[in-house]
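In: No sequence on hand, only this structure:
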Ligand code: HEM
């Protein structure tokens, strides 16, 4: 893995810089404030190749179809050089340095301080020439955010976090342009952090042997930048990247479904049922891919070496407020309020599934903040976590989700209507709003509205029709519920992963710390080295997991630890306590949530979105469903 490619392997950046001024990609970017006044009338948003489609590609979904640029042009080489040397020098976490002995510790402190001092003395580079290109801005955000995280988390434990002006000023300016928080995001780690595993055939091109446009697939991409240069970290990011690419099938089915919802006749109901059945299968594959993170990422490496680098201001109990120095150098800059670390909760794909299935009404509910009321201090912590995570997504994707959420004919309503025995099968009524284009990108055939089933004068025929509608409605309901359950099962699998990668290692770290205190080992005198969330698991958290039989049964050969079991096994020396006064702080996610409570809450909300089935009468049983015809 290399983060410093030669200039010959910078296809997109070079091409972009060489484009003639009249080329459509060289046209001005639209206003950052979302109005179109900065564009001449009739000129499309060309900030990216797929911007007119919310930057969602029919072949690669939320991942860009072309590889992200891997180095900024010469003007911003100082930032690239700083990132490159942090990686090459193998900077390690401040708390890991504190654990080393004598000479080794001094050497590591000296090395990381030398690097930080280099960052402090960088020139404050202008961002003016970046603002013409979304592609350059993205790379600038990625580089500066990675540099900031290296800077913050290589500091010795307990040192106040003061981000120096050469990082503050450009990072805040670039973030404002992109409408993103000035912190590492999922798009910096995953969406824009990959390159092809095979070198390009010709320098500056990315075409395959058949001269087809070469596209990223789950099998042909590698990760470009990591904190630790470990294959574990690379595998961790690639797992999410592969999920995004596999998710294209889900987006495609969502688009086809929505086209049919606008038609709404009996043929459409049949087709939608088929699409939902397929979607259930795709969500199952996403779950399998999620569980596959175990094949290349070791939980202890993830917990101790990788995850601490992700911490944002709100996921660290020790570093306190992050101070952005040098804000006065640009009076237009505003104090950042959103500083959560990167989380796959920022994946637009999972949000899109939630919204499409109508589960977001539950999982994105304002009460699902990720925090217990007693732990909410800021306005941000009081908002729905998943809604807040949309602020960390590329703005085109955020707009896409808004558009999806404002669909005037949501699928869930159709399912409720169609499966209700009292209602006739839905058809396009004259009172419905005119058909807007599907918010999902489409390069495929769009279905033309089908005529409603012709009405029959015969009452016998009417009875037959009503019966068929009811059968179709029930099959649709069943298919819809299965898709919701599949999403809930995806979240069950996610909880298993979180147990394996965070909860268990946190417990192990706590056990070791307790043992060290008991034996009065010198380790006890050292600053906390327990990674992101040194607090012990609270009884409530363990009990919540223990209650969760579904998760437990799938828990890859082991059982979720029981609160009682731990108390018995480890005796009173382990700090698992019921007393409220001594209760440990809950484990925090990189997004700052009280993770056990939050994930369980979202999972349960998803389950709660399953619609009640109707009692089946003999006349409406065993429907024979033709899939999309
Ligand atoms: C080792 C692997 C992973 C770990 C340890 C992990 C951990 C977490 C944690 C702690 C949260 C709580 C929010 C927060 O950050 O505060 C979270 C949320 C979330 N994660 Fe992961 N995650 C992993 C992999 C993934 C992957 C590969 C995906 C799929 C793209 C994913 C999707 C999500 C989603 C969608 C949420 C928001 C909650 C929800 O919608 O259910 N995670 N994750």
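Out: Perfect, I can see it now. What you see is a predicted model; the values in this text were computed from it and never measured. Residues are numbered from 1 along each chain as shown.
In: contacts and neighbour counts: CA atoms only from here.
Out: Noted.
In: residue boundaries of the strands in the chain?
Out: Assigned by DSSP state E, the strands in the chain fall at 161-163, 194-196, 221-223, 322-324.
In: Tell me the buried residues in stretch 281-292?
Out: For stretch 281-292, the neighbour count (16 or more other Cα atoms under 10 Å) marks 281, 282, 283, 284, 285, 286, 287, 289, 290, 291 as buried.
In: Contact partners for the spatially closest residue to the second one that is not a sequence neighbour?
Out: What that stands for is residue 282. In space, and not counting its chain neighbours, residue 282 is closest to residue 250: 6.4 Å by Cα to Cα, 6 or more residues apart in numbering. Listed by Cα atoms under 8 Å, 6 or more residues apart in numbering, the contact set of residue 250 reads 279, 282, 283.
In: which residues does the first one contact?
Out: In this structure, residue 279 makes contact with 250, 253, 483, judged by Cα under 8 Å, 6+ apart.
In: can you rerun that using 10 Å?
Out: The contact partners of residue 279, taken as Cα atoms under 10 Å, 6 or more residues apart in numbering, are 247, 249-254, 273, 285, 353, 479-480, 482-484, 486-487.
In: Of these, select the buried ones using a ChimeraX command.
Out: This is how ChimeraX selects the buried members of the contacts of residue 279, with burial counted by 16+ other Cα under 10 Å:
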select :247,249,250,251,252,253,254,273,285,353,479,480,482,483,484,486,487
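In: quick one: average confidence on the longest helix seen in the chain?
Out: Longest helix in the chain by number of residues, with DSSP state H as the criterion: helix 459-498. For helix 459-498, the mean per-residue pLDDT is 92.
In: quick one: the residue nearest to residue 282 and residue 243, what's the gap?
Out: With distances taken as Cα to Cα, to the nearest Å, residue 250 is found 11 Å from residue 243.
In: hey, what's in contact with both of the two?
Out: 283, 286, 349.
In: from the stretch 1-150 of the chain, which residue is nearest to the ligand?
Out: Closest contact between the stretch 1-150 of the chain and the ligand, by Cα to the nearest ligand atom, is at residue 62 (11.5 Å).
In: ok, that residue touching residue 249?
Out: No: if you go by Cα atoms under 10 Å, residue 62 and residue 249 don't touch, sitting 11.9 Å apart.
In: Residue 469: neighbour count?
Out: Per other Cα atoms under 10 Å, the neighbour tally for residue 469 reads 24.
In: So which bits of the stretch 451-600 of the chain are right by the ligand?
Out: Proximity of the stretch 451-600 of the chain to the ligand (Cα under 6 Å from any ligand atom) is limited to residues 491, 497, 498, 501, 502, 589, 590, 591, 592, 593, 595, 599.
In: make it 8 Å
Out: Contacts of the stretch 451-600 of the chain with the ligand, taken as Cα under 8 Å from any ligand atom, map to 491, 494-495, 497-502, 588-596, 598-599.
In: Please flag which of those residues sit within helices.
Out: Using DSSP H, these in helices are 491, 494, 495, 497, 498, 595, 596, 598, 599.
In: Show me which of the residues you listed are buried.
Out: 491, 494, 495, 497, 498, 595, 596, 598, 599.
In: In this structure residue 150 contacts residue 113, no?
Out: No: contact criterion Cα under 10 Å: residue 150 and residue 113 do not qualify, at 11.4 Å.
In: With neighbour numbers in mind, choose between these two.
Out: Set residue 150 next to residue 113 and count neighbours by other Cα under 10 Å: residue 150 wins out with 25 against 17.
In: State the distance from the more buried one to residue 473.
Out: Distance from residue 150 to residue 473, by Cα to Cα: 55 Å.
In: what does the stretch 101-250 of the chain have sitting close to the ligand?
Out: 236, 237, 239, 240, 241, 243, 244.
In: Tell me the predicted confidence for the last one.
Out: If you check residue 244, the pLDDT there is 98.
In: For it, the count of nearby residues, please.
Out: 25.
In: I'd say it and residue 56 touch.
Out: No: using Cα under 10 Å, residue 244 is not in contact with residue 56; the gap is 11.1 Å.
In: anything in contact with each of those two?
Out: 62, 63.
In: For the residue of the stretch 301-450 of the chain found nearest the ligand, give its distance to residue 590.
Out: Proximity of the stretch 301-450 of the chain to the ligand (Cα to the nearest ligand atom) peaks at residue 345, 3.4 Å away. Using Cα to Cα, residue 345 is found at 10 Å from residue 590.
In: Looking at those two, which is more packed in?
Out: Using other Cα under 10 Å, the more surrounded residue of residue 345 and residue 590 is residue 590, with 26 against 20.
In: what sits against that one?
Out: 307-316, 340-345, 532-533.
In: tell me the phi and psi of the nearest residue to it once chain neighbours are set aside?
Out: Here the nearest residue to residue 590 in space, its sequence neighbours aside, is residue 341; by Cα to Cα, 6+ apart that works out to 5.0 Å. Taking degrees, to the nearest 10, you get phi -70, psi 170 for the backbone angles of residue 341.
In: how many other residues sit next to residue 341?
Out: Neighbour tally, residue 341, other Cα under 10 Å: 25.
In: So it sits against residue 312, correct?
Out: Yes: Residue 341 lies in contact with residue 312 (Cα under 10 Å); the separation is 4.0 Å.
In: what is in contact with the two at once?
Out: Shared contacts of residue 341 and residue 312 (Cα under 10 Å, 6+ apart): 149, 183, 184, 589, 590, 591, 592.
In: burial count for residue 220?
Out: For residue 220, using other Cα under 10 Å, the count is 14.
In: Per-residue pLDDT of residue 510, please?
Out: 85.
In: Ok, residue 378 next?
Out: 60.
In: Ramachandran angles for the residue of the stretch 1-150 of the chain closest to the ligand?
Out: In terms of degrees, to the nearest 10, the main-chain angles of residue 62 are phi -80, psi -10.
In: ok, now which ones touch it?
Out: 54-56, 187, 191, 241, 244-245, 247-248, 251, 347-349, 394, 396-397.
In: ok, now with 8 Å
Out: By Cα under 8 Å, 6+ apart, the neighbours of residue 62 are 55, 56, 191, 244, 245, 348, 349, 397.
In: Likewise for residue 609?
Out: Applying Cα under 8 Å, 6+ apart to residue 609 gives the contacts 358, 359, 362, 484.
In: From the ligand, how far out is the last one?
Out: If I follow you right, that is residue 484. Look at residue 484 and the ligand: by Cα to the nearest ligand atom, to the nearest Å, they are 13 Å apart.
In: ok, that residue touching residue 605?
Out: No: applying Cα atoms under 8 Å, one finds residue 484 not in contact with residue 605, separated by 10.7 Å.
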